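> what's the 3D shape of this:
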Amino acid sequence: MGRTPAGETREKVFAFVRDRLLAGQPPTVREVQDAFGFRAVRTAQQHLERLVEDGRLVAGRHRARGYRLTGSTPGARTVLAPVLGRVPAGALDEAIEDPDGYLPVDGRGAAAGDLFALRVRGESMTGAGILPGDLVIVRRQPTAANGDVVVARVGDEATVKTFRPRGRRVELRPENPAFEPIVLDAGAVVILGKVIEVRRILDARGVTG
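Residues are numbered from 1 along each chain as shown. Below is the predicted model of the structure:
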């Protein structure tokens, strides 16, 4: 059975929203209305609500641009990693619920929700090719192996460093001789995830490198 005209329109709405999300530009309901020439914004809202019911989109909370893909696009391995300007002192899940935006990344080997991105500030990891303004793609995990580049929380701050276990202590080593390593009791360091990719962007501020 072929699609109804409404079903065909809904497919076009989904393709429009998907492409905007993958470009890091989530649309508002009003922008969907304008793109398709709907007379009423409610028509655009109904198409989006049906896509949510079908499990193809997820509606965010209290955000005009809150729609996102359910984890991956059909037939592809691209997932949308939430971009965080910083890591808060509270639960990471709360920050991921309200990101600055989304970044399309290769999701092979990772479940939906396992990846997030952070904007880097500071020069302590330049020797590892991580420069101020870069985006680091992070796989969420509570542990790390010797030599992994990690995002770790120390007190109320997050930092990107090379992880070096030292018995009951942990060294968070910068990859720049101008910076001193951070050496603390293991219990004082919370591993938030492992950096698996670095992307260069032109201008951003965020987590300290």
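
> flag every buried residue along stretch 35-53.
Of all the residues in stretch 35-53, those buried under the rule 16 or more other CB atoms under 10 Å are Phe38, Thr43, Ala44, His47, Leu48, Arg50, Leu51. All C-beta spots, glycine's among them, are computed from the backbone N, C-alpha and C.

> which residues touch it?
Counting by CB atoms under 8 Å, 6 or more residues apart in numbering, stretch 35-53 makes contact with 9-10, 12-14, 16-17, 27, 29-30, 32-33, 57-59, 67, all of which sit outside it.

> out of those, which comes closest to Val136?
Val58 (24.1 Å; CB to CB).

> correct me if wrong: that closest one contacts Arg68.
Yes: checked against CB atoms under 8 Å, the pair Val58 and Arg68 is within contact range at 5.2 Å.

> next, format the buried residues of stretch 35-53 as CSV and append distance to Glu180 and secondary structure.
Compiled in CSV, these are given as follows (distance: CB to CB, whole Å; DSSP: H, G, I helix; E, B strand; the rest coil):
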residue, distance to Glu180, secondary structure
Phe38, 59, coil
Thr43, 59, helix
Ala44, 54, helix
His47, 55, helix
Leu48, 51, helix
Arg50, 56, helix
Leu51, 51, helix
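
> tell me which element Ala35 falls in.
Assigned by DSSP states H and E, Ala35 falls within helix 29-36.

> and Arg173, bridged to which residues?
Under DSSP bridges, the beta-bridge partners of Arg173 are Thr162.

> list the buried ones in the helix holding Ala35?
When neighbours are counted by 16+ other CB under 10 Å, the buried residues of helix 29-36 are found to be Val29, Glu31, Val32, Gln33.

> least confident pick among these?
Across the set of those, Val29 stands lowest in pLDDT, at 89.

> contacts only, for it.
Remark: with contacts taken as CB under 8 Å, 6+ apart, Val29 is in contact with Val41, Ala44, Gln45, Leu48, Ala64.

> just the closest of those residues to Leu103, please.
For these, the residue nearest Leu103 by CB to CB is Ala64; the value is 19.4 Å.

> just give me the neighbour total for Phe16.
Around Phe16 sit 16 other residues, with neighbours defined as other CB atoms under 10 Å.

> list the contacts of it.
With contacts taken as CB under 8 Å, 6+ apart, Phe16 has the following neighbours: Pro27, Val32, Ala35, Phe36.

> go again using 10 Å as the cut-off
Pro27, Glu31, Val32, Ala35, Phe36, His47 (CB atoms under 10 Å, 6 or more residues apart in numbering).
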